[in-house]
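J.: Quick one, what's the 3D model for this:
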Amino acid sequence: MFYWHWLSDLIHGPKTTRFPDRPDSDVSSHGEIHHIEKGDQNAGPIRRAMAIRHLDAGSCQGCESELQLLSGPDYDFSRFGFSFTPSPRHADILVVTGVVVRPMAEVIQHVFDGMPSPKRVVALGQCAIDGHVFAEAPEVIGSLQNIVPVTIEISGCPPTPGDILRGLLASVEVSGFEQKESANERRVLG
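T.: Modelled structure (predicted):
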């Protein structure tokens with residue numbers, strides 16, 4: 001009986017969504033992914049499963065609902081090596097959603113400082129990127145970049161799960177990693 005399901009999967013393909021190599025075509029407005037090169041956070045590649053520490057700075061839960069869809073069967077981000085962790089000590093990627101306000105600045109900095117290197121920071125949604133409609137409100141800092149160095153910004157209100165997954169995958173890539181890896185292989189083999 002097991003072999004029949006295995007053969008059916010080979011014929012019909014996987015039941016998960018395809019690899020998110022481009023924005024979702026079913027959605028009219030797409031988020032954009034902006035790479036930001038700053039500081040020491042890109043010191044090295046992450047060559048293992050990536051643990052995500054999600055921090056809600058005070059949002060409408062739109063970005064959180066899209067982020068949680070990644071762990072479901074349709075997107076299944078665990079196949080790419082991602083998982084959620086409640087502890088910053090085990091996290092590789094810090095994902096911040098919501099409007100960044102002054103009382104949360106110390107918490108965000110504390111979580112960032114508690115993460116081991118190499119670490120990445122993802123600003124998810126317009127509120128974390130620039131404050132969106134709350135930018136002029138008192139106590140709003142605005143951009144997450146004013147507190148910690150941001151690796152990737154994923155814009156949208158909220159961004160689609162496919163855009164979030166593309167951003168997470170882009171956050172662990174290091175420019176020039178392929179050249180470093182091939183040079184290391186030559187040293188080991190030669």
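J.: where do the strands sit along the chain?
T.: Ranges of strands within the chain are 33-35, 50-56, 82-84, 93-97, 100-101, 120-124, 140-142, 152-154, based on DSSP state E.
J.: tell me what the shortest one is packed against?
T.: In other words, strand 100-101. Counting contacts by 3 or more CB pairs under 8 Å, 6 or more residues apart in numbering; DSSP states H and E, strand 100-101 packs against strand 140-142. All C-beta atoms are positioned from the backbone trio N, CA, C, and that covers glycine.
J.: Now the strands of the chain in JSON lines, please, with extra columns for mean pLDDT and distance to Ser65.
T.: What follows is these, written out as JSON lines (pLDDT from 0 to 100; distance: least, CB to CB, whole Å):
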{"stretch": "strand 33-35", "mean pLDDT": "62", "distance to Ser65": "19"}
{"stretch": "strand 50-56", "mean pLDDT": "91", "distance to Ser65": "12"}
{"stretch": "strand 82-84", "mean pLDDT": "91", "distance to Ser65": "14"}
{"stretch": "strand 93-97", "mean pLDDT": "93", "distance to Ser65": "10"}
{"stretch": "strand 100-101", "mean pLDDT": "90", "distance to Ser65": "20"}
{"stretch": "strand 120-124", "mean pLDDT": "92", "distance to Ser65": "12"}
{"stretch": "strand 140-142", "mean pLDDT": "85", "distance to Ser65": "22"}
{"stretch": "strand 152-154", "mean pLDDT": "90", "distance to Ser65": "15"}
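J.: so which of the ones you listed gets nearest His110?
T.: Set against His110 and scored by CB to CB, the strands of the chain come closest in strand 50-56, at 10.2 Å.
J.: what's the angle between that closest one and strand 93-97?
T.: Put simply, strand 50-56 runs at 20 degrees to strand 93-97, going by axes from the mean of the first three to the mean of the last three CA atoms, to 10 degrees.
J.: So for strand 50-56, what gets flagged as buried?
T.: By 16 or more other CB atoms under 10 Å, the buried positions in strand 50-56 come out as 50-55.
J.: so where's this protein uncertain?
T.: Of all residues in the chain, those with pLDDT under 70 make up the ranges 1-7, 9-10, 12-48, 174-190.
J.: Now the buried residues of strand 50-56 in CSV, please, with extra columns for distance to Val101.
T.: Below are these laid out as CSV (distance: CB to CB, whole Å):
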residue, distance to Val101
Met50, 28
Ala51, 26
Ile52, 22
Arg53, 19
His54, 17
Leu55, 13
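J.: from the residues you listed, which single one is nearest Gln68?
T.: Once CB to CB is applied, the member of these that ends up nearest Gln68 is His54, at 9.0 Å.
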